[in-house]
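Chemist: Predicted model follows, preceded by the sequence.
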Amino acid sequence: MSITAGCRVAALYDYSSEYPDDLSLRQGDTMLVVDDSVGEGWVKAQNEFTREEGLVPVTYIQLIEEAKAPAAPQKPPKPPKPSAVSQPGFQPSTGASTFQSSAGAPTAASAMGASTFHQQSGTAAPQQTWYLSPDTVQPKRNSFTESEQNDHYDEFDEFSDSDDEPQAASRGSKSSTSSRPAAAAGMLSRLTIAGHAGAIESFMIGQNVPSESLPRCYSIQMSVAGPMWEQCTPITCAVSNPKDMGKLMGMKKFVAYTVTPDFTNESVMRRYKHFDWLFDRLKERFPTIAVPALPDKQLTGHDEELVRDRTRKLKIWINRMCSHPVISQSEVFQHFLTIHEDKNQKAWKSGKRKAEKDPFKGLNSLLTYQMPEPNVGPKTLVQNAFAEYPSYSEAINKSLEKIQQSSLQICKAYGGLKSCHCHLGKSLKGLGQALETRLIKRDNVVYQSEGSVKLGAQINSIGDTFNQVGEMFGSQPEQDFEVLQDTAWVNCGILDNIPDIQKGVKSCNDVLEGAKKKPETSQDSLLEMNRKLDLITTAALAEVNQVQLQNPEEYRQMLLTALTAQVDFYRRLADSLEPHIHNLQTIDFSS
């Protein structure tokens with residue numbers, strides 16, 4: 001049956017409205033369709049509970065008469081053996097990237113029981129790791145057969161306003177206008193995907209071991225500073241050429257950006273919602289990694305200056321992700337950077353579905369980390385390090401916030417200086433043109449020397465120079481103070497994640513301490529729970545050390561760029577003004 005006016009429908013997925021005439025949905029909401037003539041895959045519906053009305057995508061709703069209890073999903077076939085990304089110029093880590101065994105691709109279940117990673121005769125036995133199946137903490141959605149699923153996504157993946165978030169994870173208290181939403185959900189809810197109350201405990205006691213083959217794995221190495229992610233060849237990515245686009249005969253408007261990774265030099269078009277989709281997937285897939293917030297979601301009227309600001313921030317955000325040794329090599333990130341949505345729709349849809357249904361998210365992600373030898377060390381030492389770090393990072397975070405604010409004020413001041421210098425230049429040109437006007441001499445009553453006329457010409461030239469100086473002030477912030485502002489912004493987003501990562505470790509430790517107080521807890525169970533705590537602690541320390549390795553270098557580069565640009569600016573300013581001093585000094589009024 002088709003969806004027509006008067007039908008009752010239910011929401012299959014959550015949907016956050018992006019425009020005033022959209023209606024936000026929560027999975028399970030019931031609605032009455034009031035207008036089916038909108039077209040382009042949209043209908044107008046009224047929420048039966050809130051009585052709110054708005055446009056909703058038909059791919060997100062289903063006739064209630066057709067809705068049935070979701071059937072248990074069929075067990076998917078084992079994926080092919082993971083391999084490194086085969087993009088020209090892209091150099092993945094040289095460390096072991098997958099687990100192998102003579103019996104074929106290993107599964108998560110086969111990883112249980114081995115506590116260290118060994119390389120013998122071309123085979124590898126993974127260390128003991130633990131995770132939670134998403135099915136235990138996520139509400140199941142209606143299942144589709146393979147053909148129905150393909151039909152669903154063929155319509156769902158069109159280049160529209162709401163079609164890229166079929167399984168977008170909730171981010172807690174994040175609002176669409178918040179400038180720093182990354183830490184809002186907290187690591188606990190990210191680890192458990194849906195914030196299931198017993199998820200951490202289930203993880204610690206080793207429930208729900210998956211049967212899927214292990215995906216690409218990421219090595220943690222032990223250095224003199226402690227656990228570190230295995231480093232790889234860094235990549236960069238350009239975000240440029242924001243372009244206004246629309247659909248529904250102009251009713252829906254959006255901005256598309258050109259994204260060009262350096263290892264392919266091939267551009268793909270991405271909208272903000274694509275970045276938002278990537279953000280959700282990264283937070284789900286790598287909850288122990290600090291993923292900074294995206295820039296503000298709402299752009300009132302797509303103002304040119306706001307679009308330019310968003311373009312800058314998306315560029316620095318994506319390049320911060322490019323510089324992370326784990327995220328930059330991940331399949332979902334490579335998919336975002338390289339697959340053309342319009343040219344290769346099948347690959348785009350397939351990659352999206354795979355990322356959205358990835359069983360290795362939340363605590364499952366810990367299964368894909370290869371532990372170092374030896375272990376991280378005494379737990380008291382680790383706990384002391386974690387106890388001292390928050391005050392250190394908080395002091396840096398507060399300073400970065402002030403740098404953002406000060407840089408923003410200077411950028412605004414430069415805009416004002418541009419206007420003032422241009423007004424001054426216009427006024428000086430008026431004075432110069434007046435002085436250049438030759439008076440008619442009548443019996444020598446009014447005196448006008450040649451020097452006065454020359455002065456007028458020189459003042460006119462100075463006026464032109466001040467106009468140029470005004471333009472210099474207007475374009476200068478993007479060379480220095482916007483660099484300060486944007487670098488401080490993305491690093492604040494990184495540091496916002498650290499307290500939540502530490503809380504996640506503490507939650508696992510609390511479960512272990514609680515188990516110790518229960519007499520029925522066996523020694524084997526305590527040993528296993530200690531190993532699991534070691535796993536999440538090691539991953540958390542590796543990320544903190546990555547931040548400590550990367551952030552100071554970014555601060556240094558930030559200041560080098562800004563200071564160099566400022567010196568060059570004032571040098572060009574002096575070079576523009578200095579010649580006029582000599583010209584003014586040589587004017588003679590005696591003739």
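Modeler: Noted; the coordinates are in hand.

Chemist: low-confidence ranges in the chain?
Modeler: 1, 18, 65-198, 208-211, 248-251, 298-302, 373-386, 438-448, 591 (pLDDT under 70).

Chemist: Please go through it and pick out the longest helix.
Modeler: Determined from DSSP state H, the single longest helix within the chain is helix 523-585.

Chemist: I'd like the distance from that helix to the chain centre, please.
Modeler: Centroid separation for helix 523-585 versus its chain: 17 Å, with Cα atoms, centre = their mean, to the nearest Å.

Chemist: Strands along the stretch 151-300 of the chain, start to end?
Modeler: Secondary structure of the stretch 151-300 of the chain (DSSP state E, counting those that start in this stretch): strands at 218-223, 226-229, 237-247, 252-261, 268-271.

Chemist: And the closest residue to Thr437 other than its chain neighbours, which helix or strand is it part of?
Modeler: Excluding its sequence neighbours, the residue lying closest to Thr437 (Cβ to Cβ, 6 or more residues apart in numbering) is Gly456, at 7.6 Å. (Each C-beta comes from the backbone N, C-alpha and C, glycine too.) Assigned by DSSP states H and E, Gly456 falls within helix 450-475.

Chemist: Next up, the contacts around the nearest residue to Lys426 once chain neighbours are set aside.
Modeler: Leaving aside its chain neighbours, Lys426 sits nearest to Gly463 (6.8 Å; criterion: Cβ to Cβ, 6+ apart). Residues near Gly463 by Cβ atoms under 8 Å, 6 or more residues apart in numbering: Leu424, Gly425, Lys426, Ser427, Leu428, Lys429, Gly430, Leu431, Gly432.

Chemist: please redo it, this time with the cut-off set to 10 Å
Modeler: With contacts defined as Cβ atoms under 10 Å, 6 or more residues apart in numbering, Gly463 is in contact with Cys422, Leu424, Gly425, Lys426, Ser427, Leu428, Lys429, Gly430, Leu431, Gly432, Gln433.

Chemist: which residues touch the residue nearest to Thr487 when sequence neighbours are not counted?
Modeler: Nearest residue to Thr487 in three dimensions, chain neighbours excluded: Met558, at 4.2 Å (Cβ to Cβ, 6+ apart). Met558 sits next to Ile403, Asp480, Val483, Leu484, Gln485, Asp486, Thr487, Ala488, Asn491 when contact means Cβ under 10 Å, 6+ apart.

Chemist: quick one: Met558 from Leu484, how far?
Modeler: For Met558, the distance to Leu484 equals 6 Å [Cβ to Cβ, to the nearest Å].

Chemist: Now list whatever residues contact both of these two.
Modeler: Common neighbours of Met558 and Leu484 (Cβ under 10 Å, 6+ apart) are Ile403.

Chemist: my guess is Leu424 contacts Phe466, does it?
Modeler: Yes. Using Cβ atoms under 10 Å, Leu424 is in contact with Phe466, at 5.1 Å.

Chemist: Which of the two has more residues huddled nearby?
Modeler: Taking other Cβ atoms under 10 Å, Leu424 and Phe466 do not tie; Phe466 has more neighbours (22 against 16).

Chemist: Once you drop chain neighbours, what's closest to the more buried one?
Modeler: Nearest residue to Phe466, sequence neighbours excluded (Cβ to Cβ, 6+ apart): Gly425, at 3.4 Å.

Chemist: The one you found falls within a helix, correct?
Modeler: Yes. Counting by DSSP: H, G, I helix; E, B strand; the rest coil, Gly425 is part of a helix.

Chemist: how much space between it and Met472?
Modeler: 12 Å.

Chemist: neighbour-wise, which of those two wins?
Modeler: Taking other Cβ under 10 Å, Gly425 and Met472 do not tie; Gly425 has more neighbours (21 against 17).
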